[in-house]
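# one predicted model, sequence on top.
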Amino acid sequence: MNPREHRFDPHGSRKNGAPAGVATRSRRNRPPWTAAAGFLLALALSHAAVPASSEVRIDAEFDPALVPLGQRTNYIITIEGNDDPIRGNPPRIHGLEISTSPVRSVESETRIIQGRTHSTHRVRYSFRTRPVSTGTFTVPAWEASIAGETVRVPAAELQVVEPGEELRDAFLLLLEPEIDTIYVGESRPVELVLLLRDDVRAQPRSWPRKSGDAFLDPDFRQEPSVERVRYRNRTYNAVRWPFLLAPIKAGESRISFSIDIAALSREDGISGRARDPFDRAFGRSLFRRQSVEERTVRSEALSIHVREPPESGRPESFQGAIGTFTASHRLSTQTSRVGEPLSLTLTITGSGNFSRIPPPELESDDHWQVYPPRTEFAPEDEIGHHGTLEIEYIIVPRHPGITHAPSIAFSYLNPETGRYDAAELEPIEVTVQASETIATHAATADGMVEDDSTLYGPQLLAKRWYSPDRSTGYRTAWFYLAHGVPILLLIVLTIWRRRQNRLNEDARFARRVSGSRAVRTNLRKARLAIGRSDVPAFFTHARAAIQHSLLRHIPMEQRPESLTWTEVSEHLLDREAAESLRHEVRTIFEFADALRFGDANTPVAVNDLPRWEHRLVALVRELEKTQPRHRNRFPKTQ
Amino acid sequence: MTRPLSRSLVLLAFTVLCAGPAQTSEPTPETLFRSGNTAFLEGDYETAIAYYERAARRETSAALHFNLATAYYYTGRSGPAVLHYERALALDPGHSEARANLARIRSLLALTHPSRSPAEHLGARLRDATWSWTGGALFWIGILCWVVPRLYRRDSGWFRACGAGALLGAAVCATALYGSHQLQREAVILQNDTPLLVSPTSDSPPADYVHAGDVLRITRHHDDFVFIRAVEQSGWVPRDALRLVRAFDEPTGPIPEIPMDDDSEPAPPDTAPHQT
C-alpha cells in the first residue's frame, strides 16, 4: 500500500467536532425523542420559518455498504424537502432480496441564522436487504413519484464479501510523508495516521508504539487531530499524530509502528451506527448484541537510509544543528565595569532539531569569565520543529580595556541542500572600565601595585615555620599540662599560707606545734646522748621531752622546763592516767633530778640506756593518749 | 694484623653512621622553599608550585602559602590561589600583602565569601595559639590577683581591679577562640563551576553552581559529600571539590613531580628579600 498513489481527499470536516470514527454523532443517529422534540419545535416556529430550499433532494445508499455474506443491510432512501410519501418500489437485483415494505422515519432540523429560522425535514425509507451471494451489487437509478411528481432515486452500491473479509482494509496505519533518506541527528516532522473505515466503529485504545532502535522514541502523548478522508475510493476517519522522526544511528534502518484499537463487532446484521439513546449514554446498545474486539494495527516496515552529516565542508563550530536557521546575538549593555556580569544572548530561529542543538561552546579566557549558559526554547508548533531558541551566557569582564564581547560561532547543516551554513556573528563592541573596588584599592596601596594584573610577591624569607598539624593552641596537650602547674602552685600556696595564718592567730595550735617539735628535738638529743654514753644528758632530755609532751595540751603560761613533778602528777591524776604510767614518769623525773643535783653515781647503767630510750618513746606515746583529743576543749587563747 | 682491621671497621662504622643519613635525608622545607622561590623568580610557576607543595607537606609558613597562592594565580588556578591566601592569613593574620592580593583577586573574579560574626572577626585577628596562651595566662593572672592577696591579708581594690581586667581579657580570648573554632568550617571551592547538588548522591541534579575561589561554610557531612552554605546558595558538593582553609595538613592535590637532579641540591636564590 503506497499512500502516495492514493492521495487523501478530505471533504468536509465534522460539523460537531467530535472525534471521528469513535462515536459518530450523525443526525440520522438521533434518538426518536430528539426528532420528536425537533419536529414540535419546527411546528412552533413554522410561521416564521423560511424553507431552506424548495427543491426535493433524494439520496440512496446501503448502510452498511460492505457486509459479509449472511448479514443483512438496509437500502435507505432519504428525501429532503417534501414530506409526502413516495410511490414506487426499487428495482429487483439478482442476488439481493430487498423488502417492499420500508420503514418510514422523519427527521427535522431547525437553524436560526442571522435571526431567521431555517427548517429542514427529511424522510427516510429503510428497506431491509439480504444479500444471497457475494459480489458488488448496484441498485441503478430508478424513478418514483412523490405527491404526483416524478422524482429520480440515484443509484446505490453494496459490496458483499465472504464472512471475515469485511474488515480487510478497515484499519490502516501509515507514516506520512514517506521518507527515503535522513541525517543522523536530524528531526524530520512526520505524521502517523490511523485510518478507521467509516462504516466500522473503532477507536484507539493505546498510544502508538515504535519498533526500530535506530530512531528516538517519538512523543505521541498529545491530542491527535481527527478528520474524514477518502482513501482508495473509501471514506475513512483519519487520526493523526504529528511527531519528529529523529534517527540516532547511521545505516539502513527499518521502522514500523503499531497501535491497539477497539472495534465494535455487529452480530445482528444491523449497521454499527447506533440509533438508540442508550448507545451514547452507556457506550453500548441495550437492544443489540455487540461486543468490543481488541485489535492491533501495524504499519508496514519502512526502510530509511540514515546518513552521517557530510565530512566535507564541516565547520569547526558545527555541533549538530540540522535544519534551516537564522541566528543573531545581543549584549545586555555595551558599557560595563570589571566584575559586573553581562548577558550575551544568542537567538536561533527557524526549523530543525532544536532539542538537539547544544549551546555553542564559549569558554573563559584571560578577558572574560563565562558561566554555563541558560537555554530557553519557544516552539511555534506542537512538535517543536519550528520556533526560537535563546541561549543566554553570563559573562564577566576580568580587566578594564576590553573592546569586544566573546565571539560566538554557530553553523548548521541544511538538509535540503546537504551543505553547511554558518551564521555571521560579528563580536559585539563593548567598553569595560575598572571597577570602583579596584580603583579604591590601588589608591590605598600607595602606588605599590601599578598594574591591575600583578600581585604582591613572592616573599623570599619565611619568618617562622609551623607544623602542618592543625592541632595548635588549645587543641594541644601541652596547653592543658601547662595549666596544671599554676593549679598545683595555687594549692600549695593556699595550704601553706593558711597554716602560717593559723600559727599566728591560734596560740593553742602554735603551742601544740611547738611542743611537738620540742618533743621530737629532745627525743633526738636523748638518742644522741645514748651514743655518747652520757646518762645525765639522756635523762635530762627525757624529762624535757615528757615536760613538752604534757605542756602541749595544758593551757598554762609556763615554760616546760619549770614544770615540777607535783604539777605533772596532778595533771596525770586529772587525766586519770594509770598508776604505772605515773610511776615511770616519776622515775624519770627523779633520775633526772638525782643526776642533776646529786653526785656522779648514776642509778642506771650505760648499757641499760637503749632500753630506757625504748621505754621513753613508749611513755611519750602513752602520755599523748591521755591528752584531750577534742580540739576545742580549751578556750582559744588570744 | 688485627689492629689495622679493627681500625678499618671502626672507620667504616663511623662513615656509615655519619654519611648514611646524610645521603638519604630529603631537602628541608626551608631548602624547598628557597628552590621554589628561585623557580618563581624565573617565571617557572609550575616548578615553584611543585617545590612549595612538597615543603607544605612537612612544615608550613605564611610566606610559603603566600608564594604558593601567587604562583597558583599566575597559572590561572584561582581556587587554590584563594585557598592558600586564606591559609597565609590564618597563619599570619597581619599579612597585609596576602590580604591585599586576596582582595584584588576577589574583586577581579567577583568571588564571594560569607560574612563573619564579630567573634569570628576577632578570632581571625590572631592565631589560635596566641589566643589560647594569652587567654590561659590572663586567666591565671586574674585568679592569682584575687586569691594571693587574700592569703597574705593584703587585699585591695587594685588587686581586684587587676584581677577583673585579667579575667575580662581571658573572656575576650575565649570569645575569639570560639570565633576561630567557627572558622574551622570555612572551605574554598577548587574547581570552577562546581555543581551544587540537590542530594548527596552522584546522580543528583545540580541546583546551582559555585565557582573556584568561592569561600563557603561546611555545615554537615554525608559519606563523600558535604553540605555547604555560601552567600546565597546552599547544596551538596563532593568532598574533593573543596578544601578546608585551616586544615594545613590537607593538600591541594597530588604532589607534583619536581624536576630536580638528585646529585645537586637546588641552589637558594641570591636575590635579596623582597621589601614590601
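Yep, that arrived. Computed from a predicted model, the values in this text were never measured in an experiment.

# separation between the residue in the stretch 351-500 of chain A positioned nearest to chain B and residue B:139?
Per CB to the nearest CB, residue A:473 is where the stretch 351-500 of chain A lies closest to chain B, at 3.3 Å. To be clear about C-beta, it is placed using only N, CA and C from the backbone, and glycine gets the same treatment. Applying CB to CB, to the nearest Å, the value for residue A:473 to residue B:139 is 14 Å.

# which secondary structure element of the chain has the lowest mean pLDDT?
Using chain A. helix A:436-444 (a mean of 40; mean pLDDT, DSSP states H and E).

# kindly report the same for chain B.
helix B:2-24 (a mean of 50).

# tell me what whatever helix or strand comes next after the least confident helix or strand of chain A is packed against?
The helix or strand immediately downstream of helix A:436-444 is helix A:477-505, counting by DSSP states H and E. Helix A:477-505 sits against helix A:507-531, helix B:128-151, with contacts defined as 3 or more CB pairs under 8 Å, 6 or more residues apart in numbering or on different chains; DSSP states H and E.

# helix A:477-505 to helix B:128-151, inter-axis angle?
Note on geometry: by axes from the mean of the first three to the mean of the last three CA atoms, to 10 degrees, helix A:477-505 and helix B:128-151 are set 10 degrees apart in direction.

# quick check on the residue nearest the centre of chain A: phi, psi?
Taking CA atoms, centre = their mean, the centroid of chain A lies closest to residue A:374, which sits 19.2 Å from it. Per-residue torsions, residue A:374: phi -120, psi 130 (degrees, to the nearest 10).

# show the pLDDT at it.
With respect to pLDDT, residue A:374 scores 84.

# give the contact list for it.
Taking CB atoms under 8 Å, 6 or more residues apart in numbering or on different chains, we find residue A:374 in contact with A:391, A:392, A:394.

# so where's the chain uncertain?
Picked chain A for this. Counting by pLDDT under 70, the low-confidence segments of chain A come to A:1-54, A:265-290, A:434-454, A:470-471, A:553, A:555-557, A:598-602, A:627-638.

# can you look at chain B instead?
B:1-25, B:254-276.

# in it, which strand is the longest?
strand B:215-222 (DSSP state E).

# that strand pairs with which strands?
Within its sheet, and counting by DSSP bridges, strand B:215-222 is paired with strand B:186-189 (antiparallel), strand B:225-229 (antiparallel).

# tell me which of those sits most buried.
Among the strands paired with strand B:215-222, the stretch with the highest mean neighbour count (mean count of other CB atoms under 10 Å in any protein chain shown) is strand B:186-189, at a mean of 25.

# could you tell me the end-to-end distance of stretch B:54-71?
14 Å (CA to CA, to the nearest Å).

# that stretch and chain A, any residue contact?
Yes: using CB under 8 Å from any CB of the partner chain, stretch B:54-71 reaches chain A at B:56-64, B:66-67, B:70-71.

# would you mark the buried spots in that stretch?
B:54-56, B:59-71 (16 or more other CB atoms under 10 Å in any protein chain shown).

# how many neighbours does residue 206 have?
This is for chain A. 13 (other CB atoms under 10 Å in any protein chain shown).

# um, chain B though
15.

# isn't it up against residue B:196?
Yes: using CB atoms under 8 Å, residue B:206 is in contact with residue B:196, at 6.1 Å.

# any chance you could list residues touching both of these two?
By CB under 8 Å, 6+ apart, the residues touching both residue B:206 and residue B:196 are residue B:235.

# for the residues of stretch B:54-71 next to chain A, work out which two are farthest apart.
B:58 and B:70 (20.6 Å; CB to CB).

# contacting residues around residue A:352?
Here residue A:352 is in contact with A:186, A:187, A:321, A:322, A:323, A:324, A:325, A:385, A:412 (CB under 8 Å, 6+ apart).

# mind giving me CSV with those residues and columns for neighbour count, distance to residue A:296 and secondary structure?
Compiled in CSV, the contacts of residue A:352 are given as follows (neighbours: other CB atoms under 10 Å in any protein chain shown; distance: CB to CB, whole Å; DSSP: H, G, I helix; E, B strand; the rest coil):
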residue, neighbour count, distance to residue A:296, secondary structure
A:186, 23, 30, coil
A:187, 26, 28, coil
A:321, 27, 38, strand
A:322, 24, 34, strand
A:323, 22, 35, strand
A:324, 15, 38, strand
A:325, 21, 40, strand
A:385, 21, 29, coil
A:412, 27, 40, strand
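
# just the helices in chain B please.
Secondary structure of chain B by DSSP state H: the helices cover B:2-24, B:29-41, B:45-58, B:62-74, B:78-91, B:96-109, B:118-123, B:128-151, B:157-183.

# of all these, which lies closest to residue A:335?
It is, among the helices of chain B and with distance given as CB to CB, helix B:96-109, at 18.8 Å.

# give me the helices and strands touching the closest one, please.
helix A:436-444, helix B:62-74, helix B:78-91.

# any chance of these in JSON lines, with distance to residue A:617 too?
Compiled in JSON lines, those are given as follows (distance: least, CB to CB, whole Å):
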{"stretch": "helix A:436-444", "distance to residue A:617": "87"}
{"stretch": "helix B:62-74", "distance to residue A:617": "71"}
{"stretch": "helix B:78-91", "distance to residue A:617": "69"}
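
# closest to residue B:144 out of the ones you listed?
Nearest to residue B:144, of the helices and strands packed on helix B:96-109 and by CB to CB, is helix B:78-91 at 32.0 Å.

# and that closest one with helix B:96-109, angle?
Going by the same axes, to 10 degrees, helix B:78-91 makes 150 degrees with helix B:96-109.
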